[in-house]
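>>> got a structure for you, letters missing:
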């Protein structure tokens, strides 16, 4: 409520300064286009939220354990998500910031630029989030031993796969930006719908025999299916998916085997990103440099 009130106050100051639209569409034309778009966005929100929580419901109702045992597993699972889910929140924040810019490029007819920007976003997100996941993996024993007081060691055991699916979940959200720009939000709903179904089926298959590790691996596989489907459908609807993007999207799989393996591969990728154009081409490197320069400029002392 506080955010809404403050937002209204800030917007009211500049409302009269907004330029008037030179073309005002007919009301029926406007709503005919807006309502289906909004409805499919609501469907995406519903399905993505169900996709994100259904594994815990499966643990409670389909693990075959007693109520106390299943709730204990949910607690362990939740502890493994506390820090990794912060990366997902940051990725969603950046996606929301970039969407208006991508949409503006799309409306100007520069669809190729939108494809390049989303490819760049996904590749940069993989490198940044994999780095963050490795840092989390290194400090996780301290977190679980001292901050969580050793109460949730089950969460520490499944943390690598939790990190894996959190990165893939974020990348699926990045791919959704293309469907929003192309006004194909129904495709995004299909992606999350299939991901939700896969999550339920894989949990039903892996949860009873393997317990919590089975549930987390099932969720990771469901996220792999979702991000793969999102990339494939993006390409079917006109996005130029780069080969380097496809390779990098597969990298989070290595997080499931622990941070030492992922660290070696990340080092190789960063070396290639700096010394060659296999990861980022020349124009992408210039874009990244410009973005970093703009970001760091805010923290530089003002020149006298």
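Okay, I see it. These numbers were taken from a predicted model, which means no experiment stands behind them. Numbers count the residues shown, from 1 in each chain.
>>> how about the helices in this structure?
Using DSSP state H, the helices of the chain run over 2-14, 27-62, 67-81, 84-107, 111-142, 153-181, 185-210, 212-236, 243-250, 259-275, 282-297.
>>> among those helices, which is nearest residue 21?
helix 27-62 (11.1 Å; CB to CB). (Glycine included, C-beta is placed from N, CA and C.)
>>> Just name the most buried of the helices of the chain.
Stretch with highest mean neighbour count among these: helix 153-181 (a mean of 24; mean count of other CB atoms under 10 Å).
>>> For that helix, name the packing helices and strands.
helix 27-62, helix 67-81, helix 84-107, helix 111-142, helix 185-210, helix 212-236 (3 or more CB pairs under 8 Å, 6 or more residues apart in numbering; DSSP states H and E).
>>> So for it, mean pLDDT?
The average pLDDT for helix 153-181 rounds to 94.
>>> Please work out the angle formed by the directions of that helix and helix 84-107.
When axes from the mean of the first three to the mean of the last three CA atoms, to 10 degrees is applied, the directions of helix 153-181 and helix 84-107 differ by 10 degrees.
>>> Just want the angle from helix 153-181 to helix 259-275.
Comparing the axes of helix 153-181 and helix 259-275 via the same axes, to 10 degrees yields an angle of 30 degrees.
>>> For residue 82, grab phi and psi.
Backbone torsions of residue 82, given as degrees, to the nearest 10, read phi -60, psi -50.
>>> can you count the residues close to it?
14 (other CB atoms under 10 Å).
>>> any idea how far it is from residue 154?
14 Å (CB to CB, to the nearest Å).
>>> and what of residue 41?
With distances taken as CB to CB, residue 41 is found 36 Å from residue 154.
>>> on that earlier part again, redo the helices of the chain as JSON lines? Include distance to residue 21.
Shown next, in JSON lines, are those (distance: least, CB to CB, whole Å):
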{"stretch": "helix 2-14", "distance to residue 21": "16"}
{"stretch": "helix 27-62", "distance to residue 21": "11"}
{"stretch": "helix 67-81", "distance to residue 21": "44"}
{"stretch": "helix 84-107", "distance to residue 21": "13"}
{"stretch": "helix 111-142", "distance to residue 21": "23"}
{"stretch": "helix 153-181", "distance to residue 21": "20"}
{"stretch": "helix 185-210", "distance to residue 21": "23"}
{"stretch": "helix 212-236", "distance to residue 21": "31"}
{"stretch": "helix 243-250", "distance to residue 21": "36"}
{"stretch": "helix 259-275", "distance to residue 21": "43"}
{"stretch": "helix 282-297", "distance to residue 21": "30"}
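>>> Would you enumerate the residues in contact with residue 83?
136, 143 (CB atoms under 8 Å, 6 or more residues apart in numbering).
>>> wait, I meant residue 149
Taking CB under 8 Å, 6+ apart as the definition, residue 149 has no contacts.
>>> Ramachandran coordinates for it?
Residue 149 adopts backbone torsions of phi 60, psi 30, taken as degrees, to the nearest 10.
>>> what's the distance between it and residue 55?
Counting by CB to CB, the gap from residue 149 to residue 55 is 25 Å.
>>> closest to residue 5 out of the helices and strands packed on helix 153-181?
If you check each of the helices and strands packed on helix 153-181 against residue 5 by CB to CB, helix 84-107 wins as the nearest, at 20.8 Å.
>>> The closest one - contacts with which helices or strands?
Contact here means 3+ CB pairs under 8 Å, 6+ apart; on that basis helix 84-107 packs against helix 111-142, helix 153-181.
>>> any chance of these in TSV, plus distance to residue 103?
Below are those laid out as TSV (distance: least, CB to CB, whole Å):
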stretch	distance to residue 103
helix 111-142	9
helix 153-181	5
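>>> So which of those is nearest residue 242?
So among the helices and strands packed on helix 84-107, helix 111-142 is nearest, using CB to CB, at 4.8 Å.
>>> quick one: average pLDDT of the closest one?
In this model, helix 111-142 has an average pLDDT of 94.
>>> Give me the angle between it and helix 153-181.
170 degrees.
>>> Who are the contact partners of the closest residue to residue 194 other than its chain neighbours?
Distances taken as CB to CB, 6 or more residues apart in numbering place residue 229 nearest to residue 194, at 6.0 Å, with adjacent residues excluded. By CB under 8 Å, 6+ apart, the residues touching residue 229 are 190, 191, 194, 195.
>>> I'd like to know how far the second one sits from residue 233.
Counting by CB to CB, the gap between residue 191 and residue 233 amounts to 7 Å.
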